[in-house]
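[1] Here is my input, please return the structure:
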Amino acid sequence: MIKPPCDKGAPKVEQLGAADRTEVEKAQLALDDLDTMHGQATRRWDEELQALRTRCDDERQAYEAQRKALQERLKKARA
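    Below you'll find the model as predicted:
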């Protein structure tokens, strides 16, 4: 049986030199910052979406109340 070539992949942090370790740490911090910004943006969009839904519901209820009042007014005018 032929063994596949050894895939070493990325070296472990412990095996890296000081400069490489610093670069890995910088990359990890950048990734963490990106994840944080994404999370904040997602929360902001969720809050804005909820505000829009609330506003839409409020406007729909106001419309329905106004329509009902106008229907009653029309009914009285026809009577």
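[2] Quickly note the distance from Glu47 to Leu16.
    41 Å (C-beta to C-beta, to the nearest Å). For glycine as for every other residue, the C-beta is placed from the backbone atoms N, C-alpha and C.
[3] In terms of packing, which of those two has more residues around it?
    Leu16 (14 against 10; other C-beta atoms under 10 Å).
[4] what about the residue nearest to the more buried one when sequence neighbours are not counted, which helix or strand?
    Leaving aside its chain neighbours, Leu16 sits nearest to Val24 (6.4 Å; criterion: C-beta to C-beta, 6 or more residues apart in numbering). Taking DSSP states H and E as the definition, Val24 sits inside helix 18-78.
[5] gap between Leu31 and Asp20?
    Separation of Leu31 from Asp20 (C-beta to C-beta): 16 Å.
[6] okay, the residue nearest to Leu16: pLDDT?
    On the pLDDT scale, Val24 is placed at 92.
[7] what do you get for Ala18?
    So Ala18 comes in at 81 (pLDDT).
[8] Just the mean pLDDT for stretch 40-58, thanks.
    pLDDT averaged over stretch 40-58 gives 98.
[9] That should have said stretch 70-79, apologies.
    95.
[10] send the alpha carbons of stretch 39-55 over as CSV?
    The C-alpha coordinates for stretch 39-55 follow below in CSV (Å, rounded to 0.1, in the frame of the first residue of the first chain):
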residue,chain,number,x,y,z
GLY,A,39,-21.9,40.7,15.5
GLN,A,40,-22.5,44.4,16.2
ALA,A,41,-23.8,45.1,12.7
THR,A,42,-26.1,42.1,12.9
ARG,A,43,-27.5,43.2,16.2
ARG,A,44,-28.0,46.8,14.8
TRP,A,45,-29.8,45.4,11.8
ASP,A,46,-32.0,43.2,14.0
GLU,A,47,-32.9,46.2,16.1
GLU,A,48,-33.7,48.3,13.1
LEU,A,49,-35.8,45.5,11.6
GLN,A,50,-37.7,45.1,14.8
ALA,A,51,-38.3,48.9,14.9
LEU,A,52,-39.6,48.8,11.3
ARG,A,53,-41.9,45.9,12.1
THR,A,54,-43.3,47.8,15.2
ARG,A,55,-43.8,50.9,13.1
